[in-house]
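Trainee: Sequence and predicted structure, then a few things I'm wondering about:
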Amino acid sequence: MEDFRRTYLRLCKESGLEPHESVLNQLHDVRAAGDSTRLDLATQSLSVDTCAVLGRVLSNDVLFTEVVLSDCMLSEEGVKLLLHGLCSNTTVKVLDLKGNNMRAVGSEALGKLLRQNKSIRRLTLEWNALGMWGEAFSIFCEGLGSNEALKQLDLRNNQINHQGAGELAMALKRNTTLQELDLRWNNIGLLGGRALLESLQQNRTLLQLEMAGNNVPSDTLKAVEQSIDHNSDRKSTLKESRSKTQVLSKEIQSLREEKGKQFLNMMETIDKQREDLGRSSRMSAVRVGQLQEALNERKSAVNSLKAKLQMTEAALALSEQKSHDLGELLSRVKLEKSELKERQSREMNKEQEEAVIREGKLIRELHISTEKTLHLKSKVDELERRCKAQQDHIFDLKQELTNSTAELKLRLAQAEERLEAEKKRSKQTLDDAENLRQKEVDQLNRHREESERSLQDRVQKLEGIRIQLEEELSRVRALSVTERAQAEEELVKVRNQVRLEEQQRVSHLEEKLRLLTQSRDESQIHCTQQKQTVSELQAKNNHLALEMEGLKRRIEELQQELGGKEQEKVAEVNKVRVELQEQIGHLQAERATQGGLKEKIAALEREMKVQTSNHREALLDKESEIASLLEKLRLKDGEIMRTREDEAQRANFLQKAILTYVQGSPLGSYSPKK
């Protein structure tokens, strides 16, 4: 009760509605009464909101079994909301809606209530106007026809005409639970009475039908009373037959108890035989189940082995194909590497030959320059001897010198001017030669750096190709059929990449050769220029004896520069040789790793062959075991069939014995005749 009150107050608060005093008073009275399950709100004016809240509370209520809402003058919307809540109620047994002037909406709501509610046993609808609205009353009658719980229905003073009576008659034909129906003080008439009389020919459950005050002829009323009496007589006969059947069942039970004692011994023996048969059948069933499980396990094992064998064969085929493809790719790569090595060796031989030729030329030039220096030294010695001889004549020619001093001074001034001009020219030529040499050195350094970078790129690319090949070889074991296309695409990409690298290398080497030829031509031109300058200097030394000391110093500087150049060239040649040796070592290491990979592939192929042979032998063994198990199962099936036939014969014998015994006993007279 307190739960009902709390939910009512909570819902009122949620909807912003003040609780109805009459509802609270009624709840207080019910709580004071103790065990009362009757909610009496008769003659109370309930608003639409109050009806909505009451409907929501009654939808989940389990306390009240009787709800009285008579003479409340409920509105159509209020009736609809209240009855909507009662549709899901399972405890209300009695509902009183007397004097509420319900019309179309109320009739439809009542029809829905009768279709959905399964607990209401008595429904009072006196003093309403349900019959005024034909379509709504037909919905009410449809709900009544489909209802399976209602036993008492009061429809007095509801303005029901002959059409409404026809709808009620159709509902009574389908209804199988209604026992009392009160239709007094309506306007049914002759047609409605006949329709109800026809419905009673099919309805066997209605025991009371009140039709006074409906302008129904007396003969139809008598016929209705007769049909009702027939229903009541039928009910009484059913009660008598039920009582007689109970008595007969008691007598039969006593006879069965008497005969049961006689059957005990026989049943004990039958039970023992059945237990024995059941044990044997259970044992055989258990054995058959075990054998079946073993057979299923063996079958599953064989299927799994077959699947594994198929998978291994497919993987072996894929691995063989991939190993074959990889072998072809490795062979191609080896051929390409051998071609590259040959090209590189050729290029290196060419470079070495060119370097040897350059060294020979430089050595020859050095020899020529040394010979020239020796020749110049011999000339200097001769000039010194001449100077000494001339010094002897100087004393004799002092007078001539004094006379020609003025001329000599003029000549000396002119010679000095010429010397300064020649010095400037020689300085310019030396500066030009130095600049050209520096440019050549820079170009050689750039070429060397570019060659180093290209070789490093080539080594990195070869290392990447080697790593990719190792990864592909490691993936061969786990790759499936779906990854075959990806591997082929990777191989195509690798091939394209190798081709592009080869093209790049070839173009780079061609560019390098072109640059080397240009540098060689420039060096030759420079050598010719140096030769020309040396010849000019020699001529000047022959004409200018006074400049011998400066020329000697210049020759020494040139020798030092030539020595530095020779050392630089030797260092460059040594560096190139070391780089080539390193590249050859890397290539040999790659060749060794490829040989190890080939050995691994061969070992894997041998392991796959051994595994396939082992799997085939295991499959043959399993097939022989399965054949033996199938033979055993066939023998067991034959034994089981024989035992079943023996059991069926025994059961037939026992059944015949029991039937003969029963037919000979007094119970045979009570048994129904076939």
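Mentor: Structure's in. What do you need?
Trainee: Run the chain-centre distance for whichever strand or helix holds Glu342.
Mentor: Under the criterion of DSSP states H and E, Glu342 resides in helix 218-394. Helix 218-394 sits 16 Å away from the centroid of its parent chain (C-alpha atoms, centre = their mean, to the nearest Å).
Trainee: Packing partners of that helix?
Mentor: helix 189-200, strand 208-210, helix 398-475, helix 484-543, helix 548-664 (3 or more C-beta pairs under 8 Å, 6 or more residues apart in numbering; DSSP states H and E). Every C-beta, even on glycine, is put in place using the N, C-alpha and C of the backbone.
Trainee: now do 7 Å
Mentor: helix 189-200, strand 208-210, helix 484-543, helix 548-664 (3 or more C-beta pairs under 7 Å, 6 or more residues apart in numbering; DSSP states H and E).
Trainee: For Ala149, which of the ones you listed is the nearest?
Mentor: strand 208-210 (17.7 Å; C-beta to C-beta).
Trainee: List the strands paired with the closest one, with their directions.
Mentor: Strand 208-210 pairs in its sheet with strand 180-182 (parallel), by DSSP bridges.
Trainee: ok, and for the strand it pairs with, which residues are buried?
Mentor: Leu181, Asp182 (16 or more other C-beta atoms under 10 Å).
Trainee: Then stretch 83-98?
Mentor: Going by 16+ other C-beta under 10 Å, stretch 83-98 has these buried residues: Leu83, His84, Gly85, Leu86, Cys87, Asn89, Val92, Val94, Leu95, Asp96, Leu97, Lys98.
Trainee: how many neighbours does Leu455 have?
Mentor: Leu455 has 18 neighbouring residues, counting by other C-beta atoms under 10 Å.
Trainee: Correct me if wrong: it contacts Glu582.
Mentor: No: the pair Leu455 / Glu582 is not scored as a contact, 8.7 Å apart, by C-beta atoms under 7 Å.
Trainee: Assign the residue most central in space within the chain to helix, strand or coil.
Mentor: Central residue of the chain (C-alpha atoms, centre = their mean): Thr482, 17.5 Å from the mean position. Following DSSP: H, G, I helix; E, B strand; the rest coil, the label given to Thr482 is helix.
Trainee: if we can go back for a sec, what is the nearest of the buried residues of stretch 83-98 to Gly596?
Mentor: Distance to Gly596, by C-beta to C-beta, is smallest for Cys87 among these, at 85.1 Å.
Trainee: Please name the residues that touch that closest one.
Mentor: Lys112, Leu113, Gln116, Asn117 (C-beta atoms under 7 Å, 6 or more residues apart in numbering).
Trainee: redo that, cut-off 10 Å
Mentor: Cys87 makes contact with Gly55, Leu58, Ser59, Ala109, Lys112, Leu113, Leu114, Arg115, Gln116, Asn117, according to C-beta atoms under 10 Å, 6 or more residues apart in numbering.
Trainee: Repeat that for Glu353.
Mentor: Applying C-beta under 10 Å, 6+ apart, no residues contact Glu353.
Trainee: That one and Gly360, how far apart?
Mentor: From Glu353 over to Gly360 the distance is 10 Å, taken as C-beta to C-beta, to the nearest Å.
Trainee: before we move on, back to that, give me the pLDDT for the residue nearest to the centre of the chain.
Mentor: pLDDT for Thr482: 70.
Trainee: How about the one 5 residues further on?
Mentor: Looking at Ala487, its pLDDT is 61.
Trainee: next one: Ala294
Mentor: Ala294 carries a pLDDT value of 80.
Trainee: So it sits against Leu629, correct?
Mentor: Yes: at 6.9 Å, Ala294 counts as touching Leu629 under the criterion of C-beta atoms under 10 Å.
Trainee: List the residues that contact Leu191.
Mentor: Leu191 touches Asn161, His162, Gln163, Ala165, Gly166, Val216, counting by C-beta under 10 Å, 6+ apart.
Trainee: For Gly164, see how far away it is.
Mentor: For Leu191, the distance to Gly164 - C-beta to C-beta - is 11 Å.
Trainee: same check, this time on Leu27
Mentor: 37 Å.
Trainee: can you check Val288 too?
Mentor: 70 Å.
Trainee: Which one's more surrounded, those two?
Mentor: Gly164 (27 against 16).
Trainee: so which helix or strand takes in the more buried one?
Mentor: helix 162-174.
Trainee: elements contacting that helix?
Mentor: Helices and strands touching helix 162-174, by 3 or more C-beta pairs under 10 Å, 6 or more residues apart in numbering; DSSP states H and E, are helix 134-146, helix 189-200.
Trainee: picking up where we left off before, out of the helices and strands packed on helix 218-394, nearest to Lys299?
Mentor: helix 548-664 (7.3 Å).
Trainee: How about Leu9, nearest residue that isn't a chain neighbour?
Mentor: Leaving out its chain neighbours, the residue that sits closest to Leu9 by C-beta to C-beta, 6 or more residues apart in numbering is Pro19, at 5.9 Å.
Trainee: and that neighbour, which of the three is it?
Mentor: Going by three-state DSSP: Pro19 is coil.
Trainee: And the one 4 residues further on, by the same measure?
Mentor: The assignment at Val23 comes out as helix when based on three-state DSSP.
Trainee: these two touch, right, it and Ser47?
Mentor: No: the criterion here is C-beta under 10 Å, and Val23 misses it with Ser47 at 11.1 Å.
Trainee: anything in contact with each of the two?
Mentor: Val53.
Trainee: quick one: low-confidence parts of the stretch 301-450 of the chain?
Mentor: Low-confidence segments of the stretch 301-450 of the chain, defined by pLDDT under 70: 387, 394, 401, 404-405, 408, 415.
Trainee: I meant to write the stretch 51-200 of the chain there.
Mentor: Within the stretch 51-200 of the chain, not a single segment meets pLDDT under 70.
Trainee: make it 90
Mentor: 60-63, 73, 101, 103, 132-134 (pLDDT under 90).
Trainee: What distance do you get for Asn89 to Ser107?
Mentor: 20 Å.
Trainee: Same question for Glu607.
Mentor: Counting by C-beta to C-beta, the gap from Glu607 to Ser107 is 89 Å.
Trainee: same thing with Ser36?
Mentor: For Ser36, the distance to Ser107 equals 31 Å [C-beta to C-beta].
Trainee: With neighbour numbers in mind, choose between these two.
Mentor: Ser107 (29 against 16).
Trainee: What helix or strand is the more buried one located in?
Mentor: Using DSSP H and E, Ser107 falls in helix 104-116.
Trainee: next one: that helix to chain centre, how far?
Mentor: Distance of helix 104-116 from the chain centroid (C-alpha atoms, centre = their mean) equals 53 Å.
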